[in-house]
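**Student:** Provide a 3D model corresponding to the input given below.
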Amino acid sequence: MPSGSPTARALVALELIERRPGITAPDLARRLGVTDRAARRYVATLREAGIPVEASRGRDGGYRLGRGLRLPPLHFGGSEALALVMAALDGHHDVADPESLVGAAIARILRALPASVAAQADSMRRSATSVPDRAAARPDPEITAALVGVCSESRLARLNYTTEAGRRLEVEVEPWFVVVRHGRWYLLCRLLPTHDVRAYRVDRVSAVTPLAGRFDPPRGVDPVALLESHLASGWAYGAVIIIDAPIGEVSRWLPTHLGRLEALDDHTTRLVGSTSDPAMYAQGLAYCPAPFRVQDGDEVRAAVLNLGQRLLAAGGISGATGGPMTDQCARVSRAD
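**Tutor:** The predicted structure is shown next:
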C-alpha cells in the first residue's frame, strides 16, 4: 500500500494506469489503499497536471493514458528484460497475460508504439497460440536474472537446488555461464570447495544468494561445447560404441551430448559416452544410419537390443528368435 503525500499517491496511480490500461476506479482504489472517491480525485489531479487520462464506461471501461502523453524512455526491470529474451529464445506462451513479466513488458512496448503498429502487434499477441515444448522447462525469470547477474559480475553465489531425485542441496559455486539448450536453461559453474564443473538446471534453482567473494572466469571457453561435453560424461551408465563410418559423417548424424567421438581410422569411429537413461541413449543411437556395435556398456547394450526387438515387432516380426533380422539386431547390440 503506497504511503506519503497526495502527489506521491497520484504518481503511483499514474504508474498503475500505465501498466494496466482499462483499470477501473474500484481496482485502482484497492491497489492504492484508498476509497473509490479518493482514487477518482487522484485521477483528477493527473488531468490537472496535463496528463491525458481517458475514462470509458461499460463492461470494458476504465482508465487509460491517451496517445498524446510523452513519458520518459521505456525502462525495463532486469526480470522483465530477461523474460523478453527468454520468450524470444523458446517461445513463451503467456504473452497476453498482463500478470506475467513477459506479458507486462510486451504490453508496455505496445503502449509506446504508434497506434497502427500497436494494433497489429496486439492482435497477434492475443490471437497467436504456441504449442509448448514438453521437454522444455521454463525457469523463474527472477532466478534467471539473479544467475545472469552473478555470472556477469564474476561473483561467488550460494544456490538452493533440488536434484532430479528430489534431494535439496545448498551449494556454493563460481557461476560461469547461463546456457540455453533445447528449451532447457543450465548454469555452468564450478562447485566449491571441490572445484568440480557442474551444470545445474536453472528451473531447479529456488534461490540465489550473491556472496562477497569474486573469481576469475575461465577464458577462451565455448559455453555450449562445454555444456555438451559435461552432459555426455559422468553419468551412471557408460558406453563405448564402434561405428562403421568416418568421424566427419558421424558428427553430423549424432548429437554431441551422446559423447566424445574418436577416429579409429578413416572409416571407423568410436563413441565414448555415458547416460542416466539407457533407453533414451539407445534411441539417440538409432539416428545413426551406419552399422554400429556396443563394445562396452551392458545397460546400453540391453537397451539397444530391447529397442531393436520393439522395432522388429512393429515390422511384424514379433517373437522372432534366430532369423536373419534377429541376428542383425544381436550384432548391433553385442560387441564383436
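
**Student:** so residue 292 touches residue 240, yeah?
**Tutor:** No - in this structure, residue 292 is not within contact of residue 240 by CB atoms under 8 Å, at 10.8 Å. Every residue, glycine included, has its C-beta placed from N, CA and C.

**Student:** Need the overlap of contacts for the two.
**Tutor:** residue 271 (CB atoms under 8 Å, 6 or more residues apart in numbering).

**Student:** for stretch 277-291, how far is the first residue from the last?
**Tutor:** End-to-end distance of stretch 277-291 (CA to CA, to the nearest Å): 22 Å.

**Student:** tell me the mean pLDDT over it?
**Tutor:** What stretch 277-291 shows for mean pLDDT is 91.

**Student:** just stretch 167-184 next, same as before
**Tutor:** Mean per-residue pLDDT for stretch 167-184: 87.

**Student:** Tell me how far the closest residue in space to residue 157 that isn't next to it in sequence lies from residue 263.
**Tutor:** Closest residue to residue 157 apart from its sequence neighbours, by CB to CB, 6 or more residues apart in numbering: residue 150 at 4.4 Å. In this view, residue 150 and residue 263 are 40 Å apart by CB to CB, to the nearest Å.

**Student:** Domains of the chain: list them as residue ranges, please.
**Tutor:** What automatic domain parsing lists as the domains of the chain is 6-65, 78-127, 141-221, 232-333.

**Student:** Tell me the buried residues in the lengthiest strand in the chain?
**Tutor:** Using DSSP state E to assign secondary structure, the strand with the most residues in the chain is strand 168-181. Using 16 or more other CB atoms under 10 Å as the test for burial, strand 168-181 gives 173-180.

**Student:** Specify which member of the residues you listed is nearest to residue 22.
**Tutor:** residue 180 (34.5 Å; CB to CB).

**Student:** Specify which member of the buried residues of strand 168-181 is nearest to residue 210.
**Tutor:** Taking CB to CB as the measure, residue 210 sits nearest to residue 175 out of these, at 9.4 Å.

**Student:** From residue 206, how far off is that closest one?
**Tutor:** Distance of residue 175 to residue 206, given as CB to CB: 15 Å.

**Student:** of residue 150 and residue 263, who's got more company?
**Tutor:** Counted by other CB atoms under 10 Å, residue 150 and residue 263 do not tie: residue 150 has more neighbours, with 24 against 13.

**Student:** tell me the phi and psi of the more buried one?
**Tutor:** Taking degrees, to the nearest 10, you get phi -70, psi -30 for the backbone angles of residue 150.

**Student:** residues in contact with the strand or helix carrying residue 240?
**Tutor:** For residue 240, the host element (DSSP states H and E) is strand 237-243. Around strand 237-243, the neighbours that count as contacts under CB under 8 Å, 6+ apart are 250, 259, 264, 268-276, 278, 281, 285, 288, 290-297, 299-301, 335-336.

**Student:** Among those residues, name the ones in helices.
**Tutor:** 250, 278, 281, 285, 299-301 (DSSP state H).

**Student:** Tell me which of residue 292 and residue 240 has more neighbours.
**Tutor:** residue 292 (22 against 17).

**Student:** What ranges in the stretch 151-300 of the chain fall below the confidence cut-off?
**Tutor:** Along the stretch 151-300 of the chain, segments meeting pLDDT under 70 span 233-234.

**Student:** related to what we said a few turns ago, by contact count, what packs against the longest strand of the chain?
**Tutor:** When contacts are defined as 3 or more CB pairs under 8 Å, 6 or more residues apart in numbering; DSSP states H and E, strand 168-181 packs onto helix 141-152, strand 155-162, strand 184-192, helix 223-231.

**Student:** of all those, which lies closest to residue 19?
**Tutor:** Using CB to CB, the nearest of these to residue 19 is helix 141-152, at 16.7 Å.
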